[in-house]
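> Here's my sequence, what's the structure:
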Amino acid sequence: MSAGRLRRGELFLMEKALAAIEYGGAGVRPDSQDGSTLMGRVDRCMTTGCVTVLTVLAVVLAIGLSCLWYTDWHAGKVNRERRDSAESSIIRQTREAADATVRSLDASHAEDVDKLTMVIGKHTAAPLVAYDASRREFTARLPQRLVYETAGVLGGGSDMVNRCFDITYSRPYGQAWTSKVTERSDGVCGPASEIGYLARRAKTRIEGVDARSLNRTGVRKALDPTGTLRTFAVKDVTRGDGAVVVSLLISSRDAAAGQCYRITRPAPDADGDHRASATASPAAAC
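Residues are numbered from 1 along each chain as shown. Here you go, the predicted model:
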């Protein structure tokens with residue numbers, strides 16, 4: 001072996017030894033050691049980051065669900081309070097109407113059943129007013145309805161409270177009028193609600209009839225243009241004291257209830273006004 005080749009071999013071995021000492025081990029390449037260390041650090045960082053992100057997401061989700069639950073619970077609580085308030089308001093209004101009607105009955109000094117029926121209908125706004133001659137009692141059936149605002153998770157809305165009442169008016173011999181309020185099931189007031197709606201419709205249509213057509217034929221045509229309804233029965237149309245009075249029987253569609261009504265409209269004035277506002281009131285007979 002020549003001296004030159006031996007010299008090159010020694011230099012090569014010396015370089016490898018120095019490299020091993022510098023990078024912590026003989027025969028390990030610097031680029032391989034750097035790559036392994038970098039990948040380990042990346043793996044540790046990714047693992048730590050994922051855990052942190054998942055923890056944050058879990059906390060945010062828990063907070064969101066808690067807020068949603070509280071909002072729903074609070075809305076339910078508010079709605080219950082508002083419904084209770086609406087129910088109390090309906091009962092209070094009904095009792096106030098009953099008391100006001102008693103005062104009006106005492107002040108009227110009326111004995112006629114028809115006039116007393118009209119007083120009760122006017123002050124209670126009850127669509128049905130019946131008279132029991134054997135007991136000398138009037139019973140006004142009054143459906144009551146009140147709309148109230150509601151709260152919700154996605155915003156507010158509205159709901160409705162429906163109640164049905166019978167208000168009984170009686171006057172013992174030699175005494176003042178008294179009233180008694182009795183709550184009934186909602187279904188009992190179904191026919192009364194229908195008759196109230198039909199009475200309002202009849203009033204509106206009679207307001208639109210030309211005064212020259214305010215007779216039984218003209219009113220019947222206005223209330224039932226097709227002649228197929230059985231809810232209206234025109235009994236009479238009279239004129240006098242500056243008014244036109246239409247007497248009719250209004251029945252529910254199932255014929256479960258009926259009520260006589262008087263719809264009064266002012267007679268036309270000297271200028272030829274053939275349309276005017278009207279009033280509708282329950283009557284004892286028609």
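
> Residue ranges in the stretch 1-150 of the chain under the pLDDT threshold?
For the stretch 1-150 of the chain, the stretches with pLDDT under 70 are 1-47, 49.

> mind listing the helices in it by residue range?
3-23, 30-108, 113-124 (DSSP state H, counting those that start in this stretch).

> Which elements pack onto the second one?
Applying 3 or more CB pairs under 8 Å, 6 or more residues apart in numbering; DSSP states H and E, one finds that helix 30-108 contacts helix 3-23, helix 113-124, strand 137-150, strand 157-170, strand 178-184. From N, CA and C alone the C-beta is placed, and that goes for glycine too.

> now do 7 Å
Secondary-structure packing of helix 30-108 (3 or more CB pairs under 7 Å, 6 or more residues apart in numbering; DSSP states H and E): helix 113-124, strand 137-150, strand 157-170, strand 178-184.

> Which residues does the second one contact?
Residues from elsewhere that reach strand 137-150 (CB atoms under 7 Å, 6 or more residues apart in numbering): 79, 82-83, 86, 89-90, 94, 116-117, 120, 124, 126, 128-131, 156-170, 189, 192-193.

> Tell me how far that strand lies from the chain's centre.
15 Å (CA atoms, centre = their mean, to the nearest Å).

> What pairs with that strand, parallel or antiparallel?
Strand 137-150 has its sheet partners listed here by DSSP bridges as strand 128-132 (antiparallel), strand 157-170 (antiparallel).

> And for the last one?
Taking DSSP bridges as the criterion, strand 178-184 sits next to strand 157-170 (antiparallel) in its sheet.

> Give the buried residues for the strand it pairs with.
Neighbour counts over strand 157-170 (16 or more other CB atoms under 10 Å) mark 161, 163-169 as buried.

> And for stretch 142-158?
142-144, 146, 150-151.

> And these, which is closest to residue 238?
residue 142 (28.8 Å; CB to CB).

> Residue 213: which of the helices and strands packed on helix 30-108 is closest?
Per CB to CB, nearest to residue 213 of the helices and strands packed on helix 30-108: helix 113-124, 25.8 Å.

> Centre of the chain to the closest one, how far?
In this view, helix 113-124 has its centroid 31 Å away from the chain centroid, taken as CA atoms, centre = their mean.

> And for stretch 80-99?
On the basis of CA atoms, centre = their mean, stretch 80-99 sits 16 Å off its chain's mean C-alpha point.

> Repeat that for stretch 203-219.
Relative to the centre of its chain, stretch 203-219 is centred 36 Å away, using CA atoms, centre = their mean.

> What average pLDDT does that stretch get?
On average, the pLDDT along stretch 203-219 is 90.
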